[in-house]
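1. sequence-free structure coming up:
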């Protein structure tokens, strides 16, 4: 029915437009010959009329100056149209192509002038194919043969006129696919295949529903490289509807023209391949070239305009690679406000009530909101959490609303609700790299950070999940006593002598503190703020290029720690955490070749480098390499009492008892008039000597009658990679592999 409408429309148009009528009539006289190209029988068409229709010789300035021939006001008065209504109020005009390659050749132009782009228009193409199922619709990317890259349009031709379409159609009809059509992946009812002849970079999609077809299509596009300055990959696209399902063919391109177009030699070809050519109908506007074309010459041209084998393999790898899941604790409170983006219901709340979760008028033990089916290489935002605290207990602590990919789980944890994000490791890293530093940092620095963040995360996940396999000790007779035992287990060697004069507490904080998820979202683990700051192509590029790469030592994942600034020398693991050390975390100078006396990498005040490493709130800290903090002695005594819970009376002295090789104190004696404290390790010292956290424990103490002055170096624990030092190394031309070798000697990147 609808196809008859098109044929009648074409007849009416040709009856009133002599130019179009003559060109359609001339189609009967074009020369056509067949040739084999990569195993596909293709056609060469000598069609001199096509040389006038092309904007191939126009540059961007020429296109901007000329009147757009697809805009309604600029069309010939003889040209008529059919209207088509797309999704979301997008309107199209169906026109007869006055310079045809095929019988009944159509152009479907957007009603308003807008750039050629497939974004949010692929579903309209699917709807066109279903409505006019006797036609195949095709799309030239703006740099892949589009004659009007400044005005969005599709084209259409009757089914079975395009060799590639015919071959794919026949293969899809077969019950058992031969090796030509190799299955790659699927998404809901949509399937994706790799077409393995003709040329590289050809993929076939099929689905019963337009929704799943569109999701898989955009996921495929997301896995291809986008040229600099462009909004989409270079590709050509065919779509048709057959036997109740949609079918599309995508051919990825590396360039518009091969060297033959620019050659002055005997291999010159006046050919600028677009959809028709890449579908197997090669338009040759010069008769001498039509006669001289050989299989070898055609194959050369095809190879140059198609993606390379390596690029094709990369696309398939991105489509098929997987990522393990990680559970990240985001926030806790008696009430959690959140929004599930896909359902459009807006913000909602979960509240703690009677030890359960009150939500939507009912009580639950746990809430779980699964994520949307991924339609991109990296997951898109699926939910929002409102009022998330970042920088907990640090000087820049604040609240903000954050978006997250993956699933949302809300659990009861002690006397609060906890929001947990269940997300893929690589999607998690996309956020960590942007949250830990500015996403505009150099690629080599970000690559190094991606590897260590992934290594650290996978080491913690493996460790924490093993530790959740509880071995019940003697004396545990039931659930209450087991819970009491677990709550008391921790990293604390504290001896409280209520009647005596000395209190000792050696404490450290690590991932094992989390019993109900793998890692937390703050600096205690790795700073993770969802997709709130995951902006820019650079971060996506470095995660993609290092996907799955980790550091190992003797076959085990490295516990790849890192801090903001080591202060000139790296620190041992045991200074800050458990009493064990690793041969890849060594106390070495942060200088070229680890040479003593050389200027350290992290000794910099280069604002451009620092702005790349530090997010806006981190840039509020400027004295990270060498710093001074001054306290009133009475205030500091009160602060120590408040943070430790131990009344020391008047502060008399502070004496470092044990230091690591970087100068970081891990055992400190604080003497008061009423009690003496021995406190450690590194983070506990920083915690009780500051309202938030002292920059580091690498300090010297000076005391006057009423003042305490701490003169210190570095920002953070100093173990492993020094972020500022690594950024300086990258700015000096070091590769990410060299950066990793510098900070994690003896480790292996694999």
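-> Right, received. Where do you want to start? As the structure is a prediction and not an experimental result, all values here were calculated from the model.
2. Show me what the helix or strand where residue 312 lies is packed against.
-> Assigned by DSSP states H and E, residue 312 belongs to helix 309-320. If contacts are counted by 3 or more CB pairs under 8 Å, 6 or more residues apart in numbering; DSSP states H and E, helix 309-320 sits against strand 181-187, helix 210-222, strand 245-252. Any C-beta I mention is one placed from the backbone N, CA and C, and that applies to glycine too.
3. Okay, buried residues for that helix please.
-> By neighbour count with 16 or more other CB atoms under 10 Å, helix 309-320 contains the buried residues 311, 312, 314, 315, 316, 318, 319.
4. between the residues you listed, which is closest to residue 186?
-> residue 319 (10.3 Å; CB to CB).
5. Surely the closest one is in contact with residue 220?
-> Yes - here residue 319 reaches residue 220: they are 6.9 Å apart, a contact under CB atoms under 8 Å.
6. where's residue 729, which helix or strand?
-> Going by DSSP H and E, residue 729 is part of helix 723-731.
7. Residue 457 now?
-> With DSSP H and E as criterion, residue 457 is part of helix 443-467.
8. circling back: can you redo the buried residues of helix 309-320 as JSON lines with pLDDT?
-> Converted to JSON lines, the buried residues of helix 309-320 look like this (pLDDT from 0 to 100):
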{"residue": "311", "pLDDT": "97"}
{"residue": "312", "pLDDT": "98"}
{"residue": "314", "pLDDT": "95"}
{"residue": "315", "pLDDT": "96"}
{"residue": "316", "pLDDT": "96"}
{"residue": "318", "pLDDT": "94"}
{"residue": "319", "pLDDT": "94"}
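9. Overlap in contacts, residue 319 and residue 220.
-> Listed contacts common to residue 319 and residue 220 are residue 192; contacts here mean CB atoms under 8 Å, 6 or more residues apart in numbering.
10. My read is that residue 583 contacts residue 573, right?
-> No - under the criterion of CB under 8 Å, residue 583 is not in contact with residue 573, lying 10.4 Å apart.
11. More neighbours: which of these two?
-> Between residue 583 and residue 573, counted using other CB atoms under 10 Å, residue 573 has the larger neighbour count: 21 against 11.
12. what's the pLDDT at the more buried one?
-> For residue 573, the model assigns a pLDDT of 96.
13. try residue 627
-> Value listed for residue 627 in the pLDDT field: 95.
14. Strands along the stretch 351-500 of the chain, start to end?
-> With DSSP state E, counting those that start in this stretch applied, the stretch 351-500 of the chain shows strands at 356-359, 362-364, 366-369, 383-390, 398-404, 407-413, 416-424, 492-496, listed in chain order.
15. Revised request: answer the last question for the stretch 601-750 of the chain.
-> With DSSP E, counting those that start in this stretch, the ranges of strands along the stretch 601-750 of the chain come out as 626-632, 651-659, 665-672, 676-680, 699-703, 707-713, 721-722, 748-749.
16. Can you give the strand pairings for the last one, parallel or anti for each?
-> Strand partners for strand 748-749, identified by DSSP bridges, are recorded as strand 551-553 (antiparallel).
17. Any idea how far the partner strand is from the middle of the chain?
-> For strand 551-553, the distance from its own C-alpha centre to the chain's C-alpha centre is 24 Å (CA atoms, centre = their mean, to the nearest Å).
18. Tell me which helix or strand comes right after it.
-> Next along from strand 551-553, by DSSP H and E: strand 556-557.
19. In its sheet, which strands sit next to that next one, and in what direction?
-> Partners of strand 556-557 in its sheet, by DSSP bridges: strand 551-553 (antiparallel).
20. what about residue 223, how many neighbours?
-> 21.
21. contacting residues for it?
-> So residue 223 contacts 314, 315, 318, 319, 377 (CB under 8 Å, 6+ apart).
22. for these, which one is nearest residue 174?
-> The closest of these, once distances to residue 174 are taken by CB to CB, is residue 319, at 22.6 Å.
23. Point out where the stretch 451-600 of the chain drops to low pLDDT.
-> 464-501, 510-513, 523-524, 533-536 (pLDDT under 70).
24. In it, what residue spans correspond to helices?
-> 479-488, 537-545 (DSSP state H, counting those that start in this stretch).
25. and if you look at the stretch 251-400 of the chain?
-> 259-262, 275-278, 287-292, 295-305, 309-320.
26. Can you check which of the ones you listed gets nearest to residue 26?
-> The minimum distance between residue 26 and the helices of the stretch 251-400 of the chain falls on helix 287-292, with 14.1 Å, by CB to CB.
27. Outside of that closest one itself, list whatever touches it.
-> Counting by CB under 8 Å, 6+ apart, 31, 33, 44, 46, 48, 268, 269, 270, 271, 284 sit against helix 287-292.
28. The helix or strand residue 26 falls within: what's the following helix or strand?
-> Using DSSP H and E, residue 26 sits in helix 18-26. In the C-terminal direction, the helix or strand that comes right after helix 18-26 (DSSP H and E) is strand 31-37.
29. Partner strands of the helix or strand following that next one, with direction?
-> Toward the C-terminus, strand 31-37 is succeeded by strand 40-46 as the next helix or strand (DSSP H and E). Here strand 40-46 has these sheet partners by DSSP bridges: strand 31-37 (antiparallel), strand 281-284 (parallel).
30. Now find how far off-centre strand 40-46 is within its chain.
-> On CA atoms, centre = their mean, the centre of strand 40-46 falls 41 Å from the chain's centre.
31. repeat for stretch 36-43
-> On CA atoms, centre = their mean, the centre of stretch 36-43 falls 38 Å from the chain's centre.
32. rewinding a little: okay, the buried residues of helix 309-320 in CSV with distance to residue 122 next?
-> Output for the buried residues of helix 309-320, formatted as CSV (distance: CB to CB, whole Å):
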residue, distance to residue 122
311, 22
312, 21
314, 22
315, 18
316, 21
318, 19
319, 17
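33. still on that earlier bit, and the contacts of helix 287-292, which are buried?
-> 44, 46, 268, 269, 270, 271, 284.
34. Can you tell me which of the residues you listed is nearest residue 416?
-> Nearest to residue 416 among the buried ones among the contacts of helix 287-292 is residue 271, at 67.9 Å by CB to CB.
35. Distance check, the closest one against residue 283.
-> Distance from residue 271 to residue 283, counting by CB to CB, to the nearest Å: 7 Å.
36. Name the residues contacting each of those two.
-> Taking CB under 8 Å, 6+ apart as the criterion, residue 271 and residue 283 both touch residue 277.
37. quick one: residue 505 from residue 92, how far?
-> In terms of CB to CB, residue 505 sits 73 Å off from residue 92.
38. just residue 318 next, same as before
-> 32 Å.
39. Relative to residue 180, which of the buried ones among the contacts of helix 287-292 is nearest.
-> Using CB to CB, those come closest to residue 180 at residue 44, 22.6 Å.
40. any idea how far the closest one is from residue 298?
-> 8 Å.
41. cool, and residue 228?
-> 29 Å.
42. So those two - more neighbours on which side?
-> Using other CB under 10 Å as the criterion, residue 228 and residue 298 rank with residue 298 on top: 21 against 6.
43. you'd agree the more buried one is up against residue 40?
-> No - with contact defined as CB under 8 Å, residue 298 does not reach residue 40; the gap is 11.0 Å.
44. who does the closest residue to residue 459 other than its chain neighbours bridge with?
-> Leaving aside its sequence neighbours, residue 459 sits nearest to residue 557 (CB to CB, 6 or more residues apart in numbering; 4.2 Å). Beta-bridge pairing of residue 557 under DSSP bridges involves residue 552.
45. Report how many residues lie close to residue 557.
-> Neighbour number of residue 557 under other CB under 10 Å is 19.
46. wait, what's in contact with it?
-> 455, 458, 459, 462, 550, 551.
47. Just put these in JSON lines and tack on distance to residue 224 and neighbour count.
-> Shown next, in JSON lines, are the contacts of residue 557 (distance: CB to CB, whole Å; neighbours: other CB atoms under 10 Å):
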{"residue": "455", "distance to residue 224": "28", "neighbour count": "24"}
{"residue": "458", "distance to residue 224": "28", "neighbour count": "19"}
{"residue": "459", "distance to residue 224": "33", "neighbour count": "20"}
{"residue": "462", "distance to residue 224": "33", "neighbour count": "14"}
{"residue": "550", "distance to residue 224": "26", "neighbour count": "21"}
{"residue": "551", "distance to residue 224": "30", "neighbour count": "23"}
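48. If anything else comes up later, I'll come back, but that's it for now.
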